[in-house]
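**Q** how would this look folded up:
(one chain, ligands or ions: 1)
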Amino acid sequence: LESKNNYIIAFSSLSMAEEITPKAALLKLQEGYARYVSGERTYPMLDSTRREDTAKNGQFPFATIMGCSDSRVPIEHIFDVGIGDIFPIRVAGNVSDIDEIGSIEYGIEHLHTPIMVVLGHTGCGAVTAVVRGDHVTGSIPELVDNIIPTAEQAKEEMGSTFSAELVNEAVKLNVYQSIEDLFRGSEAAVELVEAGELEVIGGIYNLETGGIEWLGKHPQESSILRSIDSEEYVKDGNKFPTIGIVGSLLSPLLLLFAFLIFISKKTGIISLKTKGKLIVSALFMVIAIAVPELIGLSLMGDPEFHISVNYVSLLIKIPLISVFLFGIAVAGSISNGFREHLQKLKIKYGKV
Ligand SMILES: [Zn+2]
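**A** Prediction:
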């Protein structure tokens with residue numbers, strides 16, 4: 001009777017598109033896992049009713065889980081879940097490359113799972129092969145190349161003597177690497193995490209005991225997300241387009257316009273001597289405008305800060321340009337060239 005009740009409760013909570021928080025989803029996983037590890041699995045959601053229901057009404061999994069293809073890491077069994085409960089991705093070495101990221105995006109973005117787990121495991125063959133430097137052939141080198149940086153990092157930390165501990169350290173770093181690679185390869189993952197709609201966590205499954213060492217979020221998650229945001233900002237600059245366009249285009253255009261007035265013979269408002277001075281002052285203006293931009297670029301690490309720098313740089317540029325234009329007017333009015341020009345105009349067109 002008890003298991004039947006469990007079934008009904010579980011069935012009702014998993015058959016519809018229902019908002020579930022990342023915390024609640026993790027709790028669900030941990031409950032299923034507790035049943036597995038204590039030998040009290042209920043094998044839920046595996047009968048014909050569930051099959052027909054999900055075929056007819058669609059799937060609403062509550063977790064996306066990427067684990068190794070290793071036959072000893074059966075994800076659905078580990079979490080004691082059934083049909084339509086989780087969206088699993090299995091790939092040797094649980095690496096986040098393009099195809100895996102695409103599958104993960106399907107789970108987190110289209111199926112809206114509030115949690116995504118990268119599940120590594122002890123004694124992983126793919127990680128072991130890379131740490132040991134095994135010769136691999138066929139398409140395997142391309143598969144395991146994601147693991148190379150973590151294997152190197154593990155060796156830096158623990159020395160390059162091959163051992164089970166070294167492999168397990170690499171396994172852990174590889175889980176973190178897969179999380180980072182996911183963020184760097186998936187705008188959707190970054191946006192969902194920043195919106196608080198998704199949590200991405202890691203874990204290591206122990207082949208022998210069936211235990212899971214939960215790693216939680218990537219320890220540098222916030223700095224990774226920040227650096228990705230600023231890269232995006234530099235890349236498409238579309239977060240605050242008006243500030244960007246005004247700051248980057250208007251002031252140089254105004255400067256160019258002013259400069260053309262100075263050097264143009266047609267306007268005839270300045271003598272050669274004045275022209276030289278003005279060229280120097282124009283160069284100074286270019287520097288004055290470039291410096292705030294360069295400060296902004298060097299502080300790109302924090303996009304919000306860059307936005308405020310853009311405001312500041314605009315505030316600096318506008319008065320500088322105004323002073324510059326005012327200088328033209330003064331220089332023009334006092335120059336002989338200007339007077340001559342006026343006289344020429346009078347001769348040409350007569351008195352106005
Ligand atoms: Zn493995």
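**Q** quick one: residue 77 and residue 36 touch, right?
**A** Yes: using C-beta atoms under 8 Å, residue 77 is in contact with residue 36, at 6.6 Å. Every residue, glycine included, has its C-beta placed from N, CA and C.
**Q** and the residue of the stretch 201-350 of the chain found nearest the ion, what does it touch?
**A** Nearest residue of the stretch 201-350 of the chain to the ion: residue 207, at 9.1 Å (C-beta to the ion). Each residue near residue 207 by C-beta atoms under 8 Å, 6 or more residues apart in numbering is listed here: 70, 72, 73, 121, 122, 123.
**Q** which residues touch the closest residue to the fourth one other than its chain neighbours?
**A** This means residue 121. In space, and not counting its chain neighbours, residue 121 is closest to residue 205: 4.2 Å by C-beta to C-beta, 6 or more residues apart in numbering. Under the criterion of C-beta under 8 Å, 6+ apart, the contact partners of residue 205 comprise 67, 73, 78, 119, 120, 121, 122, 211, 212.
**Q** same thing but 6 Å
**A** 73, 119, 121, 212 (C-beta atoms under 6 Å, 6 or more residues apart in numbering).
**Q** most neighbours among those residues, which one?
**A** residue 119 (26 neighbours; other C-beta atoms under 10 Å).
**Q** surely it is within a strand?
**A** Yes: Residue 119 forms part of a strand when assessed by DSSP: H, G, I helix; E, B strand; the rest coil.
**Q** any idea what it is bridged to?
**A** Residue 119 forms beta bridges with residue 67, residue 203, as assigned by DSSP bridges.
**Q** picking up where we left off before, so which of the contacts of residue 205 is the closest to residue 181?
**A** Using C-beta to C-beta, residue 119 comes nearest to residue 181 of those, at 15.1 Å.
**Q** doesn't residue 39 lie inside a strand?
**A** No: read with three-state DSSP, residue 39 is coil and lies in no strand.
**Q** residues near it, how many?
**A** Residues near residue 39, counting by other C-beta under 10 Å, number 7.
**Q** return only those of the contacts of residue 205 found close to the ion.
**A** Contacts with the ion within these, counted by C-beta under 5 Å from the ion: none were found.
**Q** nearest to residue 95 among those residues?
**A** The closest of those, once distances to residue 95 are taken by C-beta to C-beta, is residue 119, at 12.5 Å.
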